[in-house]
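Q: quick one: sequence and predicted model below, then my questions.
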Amino acid sequence: MEKSCSLLVHFDKGTPAIANEIKEALEGNDMPAKIDAMMKAIMLLLNGETLPQLFITIIRYVLPSEDHTIQKLLLLYLEIIEKTDAKGRVLPEMILICQNLRNNLQHPNEYIRGVTLRFLCRLKETEIIEPLIPSVLQNLEHRHPFIRRNAILAVMSIYKLPQGEQILGDAPDMIEKVLLTEQDQSAKRNAFLMLFNCAQDRAINYLLTHIERVSEWGDMLQMVVLELIRKVCRTNRGEKGKYIKIIISLLNVPSTAVIYECAGTLVSLSSAPTAIRAAANTYCQLLLSQSDNNVKLIVLDRLNELKSSHRDILVDLIMDVLRALSSPNLDIRRKTLDIVLDLITPRNINEVVLTLKKEVVKTQSGELEKNGEYRQMLIQAIHSCAIKFPEVASTVVHLLMDFLGDSNVGSAVDVIVFVREIIETNPKLRVSIITRLLDTFYQIRAARVCTCALWIIGEYCLSLSEVGSGIATIKQCLGELPFYSVSEEEEATESSKKDNQVNSITLSSKRPAILADGTYATQSAASETTFSPPTLVQGSLTSGNLRTLLLTGDFFLGAVVACTLTKLLLRLEEVQQSKVEVNKESTRALLIMVSMLQLGQSSVLPHPIDNDSYDRIVLCIRLLCNTGDEIRKIWLQSCRQSFVQMLSEKQLQETQEIKAKAQISHAQPDDLIDFYHLKSRKGMSQLELEDAVQDDLKRATGEFVKDGDDANKLSRILQLTGFSDPVYAEAYVTVHHYDIVLDVTVINRTKETLQNLCLELATMGDLKLVERPQNYTLAPESSKQIKANIKVSSTETGVIFGNIVYETSNVHERTVVVLNDIHIDIMDYISPAVCGDVAFRTMWAEFEWENKVAVNTVIQDEKDFLDHIIKSTNMKCLTAPSALDGECGFLAANLYAKSVFGEDALVNVSIEKQADGKLSGYIRIRSKTQGIALSLGDKITLKQKGGS
């Protein structure tokens, strides 16, 4: 058996002290040198040295010293030296220290008495303690509280020893008397703790006798009272009512630690609405009063737990929770918004949205560096509010449209996606949104936002004035044509020959330029554009934002401009009576498209136009030259129908998820239900009655039933040794978030006693053993349960391997049985999760670890293979089912999961069917850490074969 250690001190082994030097220093009269020598001796003992020659020196030269520091160090030395022989008997020389300890317990100095009493708390040898008991008991009545509180702790630890009840049988009586008369809060707490641990009935009796005064006790004593209440109520649920009253009374005490514990105790013991409301109010109060961010995060976690089981109560406190947004910390704000969004109801939606709007306006003052990120969070929150309750959209959409030109591209994209959804779901807002969008379009600075805004303009400009404004806005933002002149192209070619590192090209000149229609034009303003591709441009009315983005080489945007113009012109044909006007606008649009193609094929830009954008623009040109009814229908109706279908599918998916959650069965149809109306109400307060009712409801809905599934347990048992080995071992592996518990059963298959049997484990990967193994003695054909704790620090496939080592009486050498390896599966740590397309793409671009796995499978159907991968990896498919419909021989899908450590795992499956019916392609995994990418890749490689 390993020694218990009550003292740990860091020791630098650089220059270890020599025993002779320590001995000389101890024998001298120099006090600082003596103190230094004692410290060195203690360090060496703690690190495995024995130093037997020092004991007598210390008894002769250190024991008589009156110096307080030396006396304290002497007690630490006595605490860690070996006091028994190999057979467990106390060494005879220990009698020498008994007299010294007795003298210390009667010493006139309070400090010496106190530290000696504290030393006795750590002493386990009854032979040394027994002669000192009268002196310890005398100290219970000492005038100084420091001595009394340590004397109580000494009595408690003596009473807890195996023979404690024989040598100090009346300890609970004495401590109870002390408790009744004691005035010092710390000593009172220690006395109550002693009764709580050693004589629980007396502690309960004392608590119930002084029930009215509990709120006046010190916070240390109140914490012990709460611990006692938790312990009593777990064993005896019937008496909860009277204890809950005590907790409610403690909710008003000044100590924040006590009220936090009270709230936690209330939630764990009772489901009564009054109790839960009191706990939730307490958490909200702490959330606002505490300045420490860690405390706020912990309190928000508690509120989140409450939300899952008592949502209706938390709904009333939603505005109190929202006040936590005043904290500048982004994690706190994110957690607060997550909780609030789940608590929105028709009654509180207007208040919540008003608060969120105020917060959005506050982010415009550029005081904090993370304002952009916070604004993005708020916009996403308002978006989800508007989807749940469309009537609030009208109050927020115009405010949010001010942020279309935001420097934070993420929040601008969120705004435009929100506008796109609202304009479809709220037809009443269409006209005002379109007018506002056309007015603010020139401010948009990001290409991604421009493309989405152009799509909205193309789809939702319906009247003649709107279509006209739409075309005018696009032309204004593109600026004057052409995008470059012939002379500039020549200059660009020459300068690139002279100097390949030219960063800027003059885009306009004062010389006459030949325009696309053959006419001459003179440009007087010379402008320079730098070709380091920027993501943002400063939008202004003079130089259009679309022009600037096109001149950075963004031809996908050019294709979107062409499509938008085409749609607007097709609609103009329907609403404009004059054919001449339609033809004029068509000619101008064709001129713009041809100019974009010329720009794409010129040498002015470092990169030519890509084929996809080229084909798209050419298609638009052909279409405008020759329109037909079938094509008109596709461009003006089918595109919108696809968008409507996408929105309805998204909504359907959300409602199905809610239904699936609601259908989880908590109880069997034939379970017993108590009817609380038939209960006796005699002497029960409203709270006690509520609590009793809630317990019965919980029992009826199966909340008291443990989740443990026996069949599932059996699948987690791993055989570690063979049946023919002298020692048989098997392990039941339980994975809790941050640690793994191995419950190992070891069976002695021999007819001999196995001595010093030890389970030695080692780990590979991000796993750490928590405690050192112990030695056991195993009788013939008997078994032993050994528990081992292993800490996990990241989502990585780890391996645990080890041996069982033991000795037998007739063989002197140790026998080693090697165990099977235990592989810790990544599937225990990752769970399916949901994230938006934008967030997925952002993470995909940011994450640096990628693992590419080639598809190798016997499965021949694309969808079956995808389902097999989803099942094997425990991930969620983000690609909508409708996008996977139909037979085309190709399939691309995104999967997502989150680990218990908050790490993201992204997977992209891209497969196609070959002519021979086999599937080929790649599965790409991306993550922030190497562990997930490698572990998931190994898992997929192992499982993807399928079939067998």
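A: Structure received.

Q: what are the ranges of the strands in the stretch 601-750 of the chain?
A: 717-719, 727-736, 739-748 (DSSP state E, counting those that start in this stretch).

Q: pipe those into CSV and attach distance to residue 217 and mean neighbour count per row.
A: In short, each C-beta sits where N, CA and C put it, glycine included. As requested, the strands of the stretch 601-750 of the chain are arranged in CSV below (distance: least, CB to CB, whole Å; neighbours: other CB atoms under 10 Å):
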stretch, distance to residue 217, mean neighbour count
strand 717-719, 49, 14
strand 727-736, 35, 18
strand 739-748, 36, 18
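
Q: which one of these lies nearest to residue 62?
A: strand 739-748 (43.3 Å; CB to CB).

Q: still on that earlier bit, to residue 42, which of the strands of the stretch 601-750 of the chain lies closest?
A: strand 739-748 (32.4 Å).

Q: now the next helix or strand after that closest one: buried residues?
A: Sequence-wise, the next helix or strand downstream of strand 739-748 (DSSP states H and E) is strand 754-764. By neighbour count on 16 or more other CB atoms under 10 Å, the buried set for strand 754-764 is 754, 757-759, 761, 763.

Q: dump those residues to CSV, plus pLDDT and distance to residue 938.
A: As requested, those are exported to CSV (pLDDT from 0 to 100; distance: CB to CB, whole Å):
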residue, pLDDT, distance to residue 938
754, 88, 38
757, 89, 35
758, 89, 32
759, 89, 28
761, 88, 23
763, 84, 18
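
Q: which one among those gets closest to residue 652?
A: residue 763 (46.5 Å).

Q: what's around the closest residue to the closest one other than its chain neighbours, how many residues?
A: Distances taken as CB to CB, 6 or more residues apart in numbering place residue 800 nearest to residue 763, at 5.4 Å, with adjacent residues excluded. Close neighbours of residue 800, defined as other CB atoms under 10 Å, add up to 25.

Q: could the strands of the stretch 601-750 of the chain be laid out in a markdown table, adding distance to residue 576?
A: Shown next, in a markdown table, are those (distance: least, CB to CB, whole Å):
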| stretch | distance to residue 576 |
| --- | --- |
| strand 717-719 | 77 |
| strand 727-736 | 68 |
| strand 739-748 | 72 |
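
Q: out of the ones you listed, flag the one nearest residue 283.
A: Per CB to CB, nearest to residue 283 of the strands of the stretch 601-750 of the chain: strand 727-736, 24.6 Å.

Q: the closest one pairs with which strands?
A: The pairing partners recorded for strand 727-736 under DSSP bridges are strand 717-719 (antiparallel), strand 739-748 (antiparallel).

Q: any chance of a markdown table for these, columns mean pLDDT?
A: Output for the strands paired with strand 727-736, formatted as a markdown table (pLDDT from 0 to 100):
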| stretch | mean pLDDT |
| --- | --- |
| strand 717-719 | 87 |
| strand 739-748 | 88 |
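
Q: with distance to residue 896 added, can I get these in TSV?
A: Formatted as TSV, the strands paired with strand 727-736 follow (distance: least, CB to CB, whole Å):
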stretch	distance to residue 896
strand 717-719	30
strand 739-748	25
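
Q: and of those, who's closest to residue 555?
A: strand 739-748 (53.7 Å).

Q: what lies in contact with that closest one?
A: Contacts to strand 739-748, defined as CB atoms under 8 Å, 6 or more residues apart in numbering, come from residues 720, 726-734, 754, 757, 759, 761, 767, 770, 778-792, 800, 804, 822, 824.

Q: what separates that strand from the chain centre, distance-wise?
A: In terms of CA atoms, centre = their mean, to the nearest Å, the centre of strand 739-748 is found 29 Å from the chain centre.

Q: please pull out the lowest mean pLDDT helix or strand from the protein.
A: Counting by mean pLDDT, DSSP states H and E, the weakest-scoring helix or strand in the chain turns out to be strand 528-530, with a mean of 34.

Q: the strands of the stretch 601-750 of the chain: which one's closest to residue 865?
A: strand 727-736 (28.4 Å).

Q: pull the CA atoms of that closest one into PDB?
A: What follows is strand 727-736, C-alpha atoms only, in PDB (Å, rounded to 0.1, in the frame of the first residue of the first chain):
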ATOM      1  CA  VAL A 727      -4.800 -13.600 -13.800                       C
ATOM      2  CA  TYR A 728      -8.000 -12.800 -15.800                       C
ATOM      3  CA  ALA A 729      -8.800  -9.100 -16.300                       C
ATOM      4  CA  GLU A 730     -11.600  -7.200 -18.100                       C
ATOM      5  CA  ALA A 731     -12.300  -3.500 -18.100                       C
ATOM      6  CA  TYR A 732     -15.600  -1.600 -18.300                       C
ATOM      7  CA  VAL A 733     -14.700   1.800 -19.900                       C
ATOM      8  CA  THR A 734     -16.900   4.800 -19.100                       C
ATOM      9  CA  VAL A 735     -16.200   8.100 -20.900                       C
ATOM     10  CA  HIS A 736     -17.200  11.300 -19.100                       C
END
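
Q: report the rounded mean pLDDT for it.
A: Here strand 727-736 scores 86 as its mean pLDDT.

Q: alright, I will stop here.
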